[in-house]
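# predicted model follows, preceded by the sequence.
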Amino acid sequence: MKPIVGVVPLYDLEKQCIWMLPAYLNMLRACGATPMILPFTTDRAETRRMFELCDGLLLTGGQDIDPKLYGEQPIPACGKPCHTRDALEDALLSMALSTEKPVLGICRGIQLMNVALGGTLWQDIPSQVQGAAGHETGASGATHHPVRVRVGSPLWNLIEKNTIDVVSYHHQGVKKLAHCLQPMAYSSDGIVEAVCIPEQRFCWAVQWHPELSWEASPQQRAIVRAFVRASRDWAASVHQPKMPGMGREDEPELTMP
């Protein structure tokens, strides 16, 4: 069976509603998972129940994280946070780490992971980091730039590349890295672009957007497929087959939506 990946949706503060970019879902389906969009809630029991339905978690992009969560006051360039989402993702990440359920963070996902585990963020890279590389092009859309992969890291072991091109669209980033996170890639200005927790089955996060480049990039597909494979393996380790002889399917071939 395909693993079920819980996908945290984005939130429209103006309309006060959740929404989703199809690219996240298409990427997961093509790489062998069944995506499930999770509702926003602050109820702990409800959060636990929907967490239990998932074999892996995808933390997507979205709003800036509340700076008060890492001991700072917001600067003018910091966007308005979504407190419910901050709390939900913090709870889901905590549950995932306690059960070694696989997690992949994208963009905001790496920032949330870092803050939840004790790190801090640059609230606005363009105004706070001298000589910062282009991490976004503003309202017109994302930008492409290379990142340097740390040799010997799990990411390097997976893709065996010293540098890769990524699609990026963010104005915040990792400032002080949480102690339990291991850096796996950097941008040219030294900002951490990918992290993992080596002790976990699979807990990775990237600052870039693989959902915008997985079709053209073998490296981005490899990252997502490694996450899906870990989610399937986790499910196989905890779920008993319903009938004798029923096992998990082999990893499917990549399919394009």
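That came in fine, so what should we check first? Numbers count the residues shown, from 1 in each chain.
# give me the most central residue, this protein.
Closest to where the C-alpha atoms of the chain average out (Cα atoms, centre = their mean) is residue 105, at 1.0 Å.
# assumed that one was part of a helix.
No: remark: residue 105 does not belong to a helix; assigned using DSSP: H, G, I helix; E, B strand; the rest coil, it is strand.
# before we move on, what SS does the closest residue to it other than its chain neighbours have?
Excluding the flanking residues, the one nearest residue 105 by Cβ to Cβ, 6 or more residues apart in numbering is residue 205, at 3.1 Å. The C-beta positions use only the backbone N, C-alpha and C, and glycine is treated the same way. Three-state assignment for residue 205 (three-state DSSP): strand.
# residue 188 and residue 162, how far apart?
Plainly put, residue 188 is 13 Å away from residue 162 if you go by Cβ to Cβ, to the nearest Å.
# and for these two, which residues touch both?
residue 148 (Cβ atoms under 8 Å, 6 or more residues apart in numbering).
# mean confidence score for the longest helix seen in the chain?
Longest helix in the chain by number of residues, with DSSP state H as the criterion: helix 218-238. Mean per-residue pLDDT for helix 218-238: 97.
# now stretch 44-60
Mean pLDDT, stretch 44-60: 97.
# burial measure for the nearest residue to residue 28 once chain neighbours are set aside, as a count.
The shortest distance from residue 28 to any non-neighbouring residue, by Cβ to Cβ, 6+ apart, is to residue 35 (4.4 Å). Residue 35 has 20 neighbours, counted by other Cβ atoms under 10 Å.
# next, give phi and psi for residue 35.
Main-chain dihedrals, residue 35, degrees, to the nearest 10: phi -80, psi 140.
# that one and residue 194, how far apart?
Taking Cβ to Cβ, one finds residue 35 at 22 Å from residue 194.
# what sits opposite the residue nearest to residue 28 in the beta ladder?
residue 5 (DSSP bridges).
# surely it touches residue 29?
Yes: using Cβ atoms under 8 Å, residue 35 is in contact with residue 29, at 6.5 Å.
# and the gap between residue 165 and residue 36?
From residue 165 across to residue 36, the span is 30 Å (Cβ to Cβ).
# go on, residue 175?
Distance from residue 175 to residue 36, by Cβ to Cβ: 32 Å.
# of the two, who's got more company?
residue 175 (20 against 16).
# what's the burial count for the nearest residue to residue 159 once chain neighbours are set aside?
Closest residue to residue 159 apart from its sequence neighbours, by Cβ to Cβ, 6+ apart: residue 219 at 4.6 Å. Residue 219: 18 surrounding residues under other Cβ under 10 Å.
# hmm, residue 219 is touching residue 162, no?
No: at 11.5 Å, residue 219 and residue 162 do not qualify as touching, with contact defined as Cβ under 8 Å.
# where does the protein dip in pLDDT?
Applying pLDDT under 70 to the chain flags the ranges 131, 133-142, 240-257.
# now do the strands in it.
Counting by DSSP state E, the chain has these strands, from start to end: 4-7, 10-12, 17-19, 34-37, 56-59, 103-106, 121-122, 143-149, 163-168, 173-174, 182-186, 192-196, 203-206.
# for the residue nearest to residue 159, give me its contacts.
Contacts of residue 219 (Cβ under 8 Å, 6+ apart): 159, 161, 164.
# would you confirm that the second one contacts residue 149?
Yes: contact between residue 161 and residue 149 holds when scored by Cβ under 8 Å: they sit 5.9 Å apart.
# of the two, which one has the most company?
Just comparing residue 161 and residue 149: by other Cβ under 10 Å the higher neighbour count belongs to residue 149, 23 against 15.
# so how far is residue 71 from the residue nearest to the centre of the chain?
Distance, residue 105 to residue 71, using Cβ to Cβ: 21 Å.
# same thing with residue 204?
Relative to residue 71, residue 204 is positioned 26 Å away (criterion: Cβ to Cβ).
# mind putting the strands of the chain into a markdown table with distance to residue 88?
Compiled in a markdown table, the strands of the chain are given as follows (distance: least, Cβ to Cβ, whole Å):
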| stretch | distance to residue 88 |
| --- | --- |
| strand 4-7 | 11 |
| strand 10-12 | 10 |
| strand 17-19 | 11 |
| strand 34-37 | 13 |
| strand 56-59 | 10 |
| strand 103-106 | 14 |
| strand 121-122 | 18 |
| strand 143-149 | 29 |
| strand 163-168 | 25 |
| strand 173-174 | 21 |
| strand 182-186 | 25 |
| strand 192-196 | 21 |
| strand 203-206 | 17 |
